[in-house]
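Engineer: all I have is the shape, not the residue letters:
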């Protein structure tokens, strides 16, 4: 234990640089994946054949390729097409696109769970499609979508470690680097695991809190 | 004001409206009665474009009802609808339900919409409920809010789709009494209902529908008292004396 504490004091500052990148990656790709996922979901429920088909194709395409291959593609193949991204940019975009597929299915399920009478009531006071979504459907769908959204968020935090494969020195990568140079595997990976827990446990608490908040005051 | 001419509508192989025609003049109150599945609700839903129709034409103040066209928005604002299951917005309180349309569809400023909203809530007897949420209200109260929401759009006509069918019997009266007041104020109303007594009292005209067509129509009082067609007679006997008819 004495030794572990000494190791911790030594390694935590270095690992912390990894934590900063992990958080940056997660927030960046969360924003991209949420916005993109919303776009796919709205295309799916638009009732326009071409939009629905395009979104469906794209989502299945993304879901059918491992995240790690998508990251390789963006980081190593796009430069051949004249698009050069930093490892961090590539990782954020890659994870963002990969996870937009999961968000999209979640959002679509939430939207479709809203009683059709709500759409009719909104239309009957003259709302167009977009306003029906914004004022009536989406605010109600949030409640349904939130618990799975929180779970996807936690998965993203953990999957941000895949960015290490394209040289982003996030938490897992930092841990591996320290472990391979000091051979203190136990101390280092215990610390890495604890640091991931320190980030994901508050997220889980946040999801629980939001679930409670959104379920009170209505229905 | 509202004209339907030879309207046809099918759901798959189910031919719901088979050449339905009627004309409603401004200020007229028409009750549509008939057995379930006869197409009564479909008529209302076609008038404000919640359903498409395949044949014939529907005009509101001369404008063709086509729910793919931009003009449908103006028609819907002018012809409001009250639903069987109320369909209030559960995430907004009572006053916000009423002001939603005026503020976000018509662009009225919030203060004046709220002032009008409170007047409308007073008119339906719910002044004390403006900050309640729909789930906290009884069915009758919810339906009265839905009527206030429809009125907030300042429509020329309101379509009522079985407004009391989802209510407990003791709550029917409060909704009918609000509708009666509207009728006195000269609102144009098309009401699909099973409340025969109410139709007799309030309606100018009663339309009896069966299998997608009008079987019989005429002034409410005389038509309901002395229906000419056997199917109307049979239907009225069933709804007014449900036990004897068995």
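Structural biologist: Done, it's in. As the structure is a prediction and not an experimental result, all values here were calculated from the model.
Engineer: which residues of chain B lie near chain A?
Structural biologist: B:48-50, B:73-74, B:76-77, B:80-81, B:83, B:85, B:87-91, B:100-101, B:104-106, B:133, B:135, B:146, B:149-150, B:152-153 (Cβ under 8 Å from any Cβ of the partner chain). Placement of C-beta: from N, CA and C, glycine included.
Engineer: mind naming the longest helix for the chain?
Structural biologist: Here I'm looking at chain A. Determined from DSSP state H, the single longest helix within chain A is helix A:2-44.
Engineer: try again with chain B
Structural biologist: Longest helix in chain B, counting by DSSP H: helix B:169-184.
Engineer: what's the first helix or strand after that helix?
Structural biologist: Next helix or strand after helix B:169-184 toward the C-terminus (DSSP states H and E): strand B:188-192.
Engineer: list the buried residues in the very next helix or strand once past that next one.
Structural biologist: Remark: after strand B:188-192, the chain's next helix or strand is helix B:196-202, criterion DSSP H and E. With burial defined by 16 or more other Cβ atoms under 10 Å in any protein chain shown, the residues of helix B:196-202 counted as buried are B:196, B:198, B:199, B:200, B:202.
Engineer: same question for stretch B:57-72.
Structural biologist: B:58, B:59, B:60, B:65, B:67, B:72.
Engineer: which parts of the longest helix of chain B are buried?
Structural biologist: Buried residues in helix B:169-184, counting neighbours by 16+ other Cβ under 10 Å, are found at B:171, B:172, B:174, B:175, B:176, B:178, B:179, B:182, B:183.
Engineer: which elements pack onto it?
Structural biologist: The contact analysis (3 or more Cβ pairs under 8 Å, 6 or more residues apart in numbering or on different chains; DSSP states H and E) places helix B:169-184 against helix B:139-152, strand B:188-192, helix B:196-202.
Engineer: Throw these into TSV and include mean pLDDT, thanks.
Structural biologist: Compiled in TSV, the helices and strands packed on helix B:169-184 are given as follows (pLDDT from 0 to 100):
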stretch	mean pLDDT
helix B:139-152	96
strand B:188-192	96
helix B:196-202	91
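Engineer: distance to residue A:167 added to these, as CSV?
Structural biologist: As requested, these are exported to CSV (distance: least, Cβ to Cβ, whole Å):
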stretch, distance to residue A:167
helix B:139-152, 58
strand B:188-192, 68
helix B:196-202, 76
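Engineer: contacts for stretch B:225-245?
Structural biologist: Stretch B:225-245 has contacts (Cβ atoms under 8 Å, 6 or more residues apart in numbering or on different chains) with B:33, B:34, B:35, B:194, B:196, B:200, B:208, B:210, B:215, B:216, B:223, B:224.
Engineer: residue contacts, the second one?
Structural biologist: Just to be clear, that refers to residue B:34. Counting by Cβ under 8 Å, 6+ apart, residue B:34 has contacts B:40, B:208, B:209, B:210, B:215, B:235.
Engineer: from the contact counts, what lies against the one helix or strand the third one maps to?
Structural biologist: Here residue B:209, judged by DSSP H and E, is contained in strand B:205-210. Helices and strands touching strand B:205-210, as assessed by 3+ Cβ pairs under 8 Å, 6+ apart, comprise strand B:29-33, strand B:213-219, helix B:220-225, helix B:230-240.
Engineer: what comes up buried for the longest one?
Structural biologist: It refers to helix B:230-240. Buried, per 16+ other Cβ under 10 Å, within helix B:230-240: B:232, B:235, B:236.
Engineer: rewinding a little: what mean pLDDT does the strand holding residue B:209 have?
Structural biologist: Strand B:205-210 carries an average pLDDT of 94.
Engineer: what's the answer for stretch A:102-111, then?
Structural biologist: 94.
Engineer: pull out the buried residues from that stretch.
Structural biologist: A:102, A:103, A:104, A:105, A:106, A:107, A:108, A:110, A:111.
Engineer: can you tell me the SS state at residue B:66?
Structural biologist: coil (DSSP: H, G, I helix; E, B strand; the rest coil).
Engineer: apart from its neighbours in sequence, what residue is nearest residue A:8?
Structural biologist: Excluding its sequence neighbours, the residue lying closest to residue A:8 (Cβ to Cβ, 6 or more residues apart in numbering or on different chains) is residue A:191, at 5.9 Å.
Engineer: what is the orientation angle of the host helix or strand of that neighbour with helix A:2-44?
Structural biologist: Using DSSP H and E, residue A:191 sits within helix A:185-215. Angle of helix A:185-215 versus helix A:2-44, following axes from the mean of the first three to the mean of the last three Cα atoms, to 10 degrees, is 40 degrees.
Engineer: what pLDDT, on average, does helix A:185-215 get?
Structural biologist: Averaging pLDDT along helix A:185-215 yields 88.
Engineer: that one: which residues count as buried?
Structural biologist: Buried, per 16+ other Cβ under 10 Å, within helix A:185-215: A:187, A:188, A:191, A:192, A:195, A:196, A:199, A:203, A:207, A:210, A:214.
Engineer: from those residues, which single one is nearest residue A:118?
Structural biologist: residue A:214 (16.6 Å; Cβ to Cβ).
Engineer: residues near the closest residue to that closest one other than its chain neighbours, how many?
Structural biologist: Once flanking residues are discounted, residue A:214 sits nearest to residue A:143: 4.4 Å by Cβ to Cβ, 6+ apart. If you count neighbours by other Cβ atoms under 10 Å in any protein chain shown, residue A:143 ends up with 20.
Engineer: three-state assignment of the spatially most central residue of chain B?
Structural biologist: By Cα atoms, centre = their mean, the mean C-alpha position of chain B lies nearest to residue B:160, the distance being 1.2 Å. With three-state DSSP as the basis, residue B:160 sits in strand.
Engineer: go on, the one 4 residues further on?
Structural biologist: The three-state label for residue B:164, taken from three-state DSSP, comes out as coil.
Engineer: ok, back up a step: out of the buried residues of helix B:230-240, flag the one nearest to residue B:11.
Structural biologist: Nearest member of the buried residues of helix B:230-240 to residue B:11, counting by Cβ to Cβ, is residue B:235, at 22.4 Å.
Engineer: for that closest one, give its distance to residue A:212.
Structural biologist: 51 Å (Cβ to Cβ, to the nearest Å).
Engineer: swap in residue B:188?
Structural biologist: 47 Å.
Engineer: also residue A:116?
Structural biologist: Distance from residue A:116 to residue A:212, by Cβ to Cβ: 28 Å.
Engineer: also residue B:168?
Structural biologist: 32 Å.
Engineer: what about residue A:176, how many neighbours?
Structural biologist: Residue A:176, neighbours per other Cβ under 10 Å, totals 18.
Engineer: what sits against it?
Structural biologist: residue A:164.
Engineer: show me the shaky parts of chain A.
Structural biologist: A:215-219 (pLDDT under 70).
Engineer: do chain B as well
Structural biologist: In chain B (pLDDT under 70), the answer is B:244-246.
Engineer: 90 instead?
Structural biologist: When residues are selected by pLDDT under 90, those of chain B lie in B:12-14, B:36-38, B:55, B:62, B:67-71, B:169, B:237-246.
Engineer: near chain B, which residues of chain A?
Structural biologist: So chain A meets chain B at A:115, A:117-118, A:120-128, A:131, A:135-136, A:139-140, A:217-219 (Cβ under 8 Å from any Cβ).
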